[in-house]
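Enquirer: this is a predicted model, with the sequence first.
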Amino acid sequence: MIYVNIPTFESTNNSNTNPTLTPNFHQMLRTLQFRVLAACVVLFVVPMAMAGWHLSRNKMLFFSGALFITLTVCVHLIPYLASISTSSSSFSSSSVLVLENRFICISLLHEIVFDVKPIGGIENLGVSSNYGGWNWSNSAPVVACGFENFGVSDALDMLKGSWVVVAGDSQARLVVVSLLSLVLGSEEMDSIRGDLFKRHSDYQIVIDGIGMKLDFRWAPYVMNLTDLMVEFKRNKNFPDVLVMGAGLWHMLHVTNSWDYGVSLRLLRDLVVSLVPASREFDTHGPGPAVGSNSIQSPHLFWLGMPMLINSMLNTEKKRDKMTNALRDAYDKQLYGSKLLHQSGGPFLLLNILSLSWKCGTMCTDDGMHYHGAVYEAAVHIMLNELLIESR
Ligand SMILES: *[C@@H]1O[C@H](CO)[C@@H](O)[C@H](O)[C@H]1NC(C)=O
Ligand SMILES: *[C@@H]1O[C@H](CO)[C@@H](O)[C@H](O)[C@H]1NC(C)=O
């Protein structure tokens, strides 16, 4: 069975949020208690005692009464403040800790290192011939998260009975290749390769035995992704896992980042209206199977654009239009659209830019499509995220 080792704060010494914040907060409260007591003494006791020297007996009685009441109030304030301090410490314990660890591990999922040979030829796209070529970094916090390197049986277990849809351009197709290579093995993969690589077409496969259905939808523009969401809505049927991403075609044929941003915001508004946005706090039952999750909360992933190496792009038009500056502008629109988790949106980013950058120029022949290790790593990031969410 699959098992994730959630680290404690002691093991992740670079985390700088709650563990330091909480003691500070307590100290603050203790100081506050002390100050209230001191203020009571200074404000009431001292002036009254001084005044008492010069007062008649009646007035003296009146002031001692007032003094008594004041001190009583002050003394009663202190346990109240103390109780705030204890309740805050019990609040900050287990549940927040688990949630915090989950966020830390999800944020570390892209800490991947590559070690690949030059790809040499289109036939190696999407599949790394000798399995591997990538791994998680061996820094202590990443090791503490215990990310899984999924083998066939673990991956099948994970995706049992689920409906997975991957929609987008050629990057999305390469993700499908990696995902299928993981669950099918190389022989079966060779036999379906022809169908899968038919240009600009959809593809569907049902993996018998585990009842998993995988759809690839050719959707080169964000508009096509929006149409797909409308289709899900019309059929009242949402996939369990949805991976989407588009941008390269828009860069090449429309070449207008502002227009791209508008289409992203339209997509976001639609998705948010269909899917509850904050997945982080809903807790599914135990067990790794994704397929058993409710339809209301599909797992949404956004497939980012890769690093573009302008001089390697294979047509004049691509080299002319798909500049680094434009690519940056497109990414700005993506972050500005609030589509992604990090800006409160519904999609978790599969950061192909970061992965392809780490893999480097050696991992591409055309400056745009990368070695299978890149997409395989993305698939593993996705599966590990699903695993963390399912716990
Ligand atoms: C990946 O790294 C882990 C720990 O750093 C190691 O145990 C494992 O063998 C590595 N896997 C591969 C395929 O290199
Ligand atoms: C995608 O959208 C474009 C522009 O709206 C449209 O021309 C094209 O037919 C769509 N393709 C698919 C596969 O829906």
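Expert: Right, received. Where do you want to start? It should be emphasised that the depicted structure is a prediction, and the values quoted were computed from it without experimental measurement. Ligands and ions are numbered 1, 2, ... in the order given.
Enquirer: what are the phi and psi values at the residue of the stretch 151-300 of the chain found nearest ligand 1?
Expert: Closest residue of the stretch 151-300 of the chain to ligand 1, C-beta to the nearest ligand atom: Gly151 (10.9 Å). Any C-beta I mention is one placed from the backbone N, CA and C, and that applies to glycine too. Torsion angles at Gly151 (phi, psi; degrees, to the nearest 10) stand at phi -90, psi 180.
Enquirer: next: Met212.
Expert: Backbone dihedrals for Met212, given as degrees, to the nearest 10, come out at phi -100, psi 140.
Enquirer: quick check: closest non-adjacent residue to it.
Expert: Leaving aside its sequence neighbours, Met212 sits nearest to Leu159 (C-beta to C-beta, 6 or more residues apart in numbering; 4.9 Å).
Enquirer: separation between that neighbour and Leu387?
Expert: Counting by C-beta to C-beta, to the nearest Å, the gap from Leu159 to Leu387 is 11 Å.
Enquirer: cool, Gly345 as well?
Expert: From Gly345 to Leu387 the distance is 22 Å (C-beta to C-beta).
Enquirer: next one: Ser186
Expert: Counting by C-beta to C-beta - Ser186 and Leu387 are separated by 24 Å.
Enquirer: out of the two, which sits in the more crowded spot?
Expert: Just comparing Ser186 and Leu387: by other C-beta atoms under 10 Å the higher neighbour count belongs to Leu387, 19 against 10.
Enquirer: tell me which element that one falls in.
Expert: helix 372-390 (DSSP states H and E).
Enquirer: is that helix positioned near ligand 1?
Expert: No: Helix 372-390 does not reach ligand 1 (C-beta under 6 Å from any ligand atom); its nearest approach is 10.7 Å.
Enquirer: please work out which residue of the chain is closest to ligand 2.
Expert: Asn224 (3.7 Å).
Enquirer: which SS state does that residue fall under?
Expert: Assigned by DSSP: H, G, I helix; E, B strand; the rest coil, the conformation of Asn224 is helix.
Enquirer: for it, give me its contacts.
Expert: Ala167, Arg217, Trp218, Ala246 (C-beta atoms under 8 Å, 6 or more residues apart in numbering).
Enquirer: can you do 7 Å?
Expert: Going by C-beta atoms under 7 Å, 6 or more residues apart in numbering, Asn224 touches Ala246.
Enquirer: can you tell me how far it sits from Ala140?
Expert: Distance from Asn224 to Ala140, by C-beta to C-beta: 43 Å.
Enquirer: determine the number of other residues adjacent to the residue of the stretch 151-300 of the chain closest to ligand 1.
Expert: 11.
Enquirer: one more: Ser201?
Expert: 12.
Enquirer: give me the phi and psi angles of the nearest residue to Asp240 once chain neighbours are set aside.
Expert: Excluding the flanking residues, the one nearest Asp240 by C-beta to C-beta, 6+ apart is Ser162, at 4.2 Å. Main-chain torsions, Ser162, degrees, to the nearest 10: phi -100, psi 160.
Enquirer: thought Ser162 was touching Met212?
Expert: Yes: using C-beta atoms under 7 Å, Ser162 is in contact with Met212, at 5.6 Å.
Enquirer: can you pull the pLDDT of Asp190?
Expert: The model reports Asp190 with a pLDDT of 79.
Enquirer: would you quantify the distance from it to Leu182?
Expert: To Leu182, Asp190 is 15 Å away according to C-beta to C-beta.
Enquirer: give me the more crowded residue out of the two.
Expert: Legend: neighbour count by other C-beta under 10 Å for Asp190 and Leu182, higher for Leu182 (22 against 12).
Enquirer: what strand or helix carries the residue nearest to that one when sequence neighbours are not counted?
Expert: Of all residues beyond its chain neighbours, the one nearest Leu182 is Ala155 (5.0 Å), with distances taken as C-beta to C-beta, 6+ apart. Here Ala155 is covered by helix 152-159, with elements defined by DSSP H and E.
Enquirer: and that helix, what does it pack onto?
Expert: helix 170-184, helix 372-390 (3 or more C-beta pairs under 7 Å, 6 or more residues apart in numbering; DSSP states H and E).
Enquirer: now do the strands in this structure.
Expert: With DSSP state E, the ranges of strands along the chain come out as 112-114, 134-136, 163-168, 203-207, 212-218, 241-245, 299-303, 348-350.
Enquirer: could I get these as CSV with mean pLDDT, mean neighbour count and distance to ligand 1?
Expert: Shown next, in CSV, are the strands of the chain (pLDDT from 0 to 100; neighbours: other C-beta atoms under 10 Å; distance: least, C-beta to the nearest ligand atom, whole Å):
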stretch, mean pLDDT, mean neighbour count, distance to ligand 1
strand 112-114, 94, 19, 9
strand 134-136, 92, 21, 4
strand 163-168, 97, 24, 24
strand 203-207, 92, 15, 24
strand 212-218, 95, 20, 25
strand 241-245, 97, 25, 24
strand 299-303, 96, 24, 23
strand 348-350, 97, 23, 20
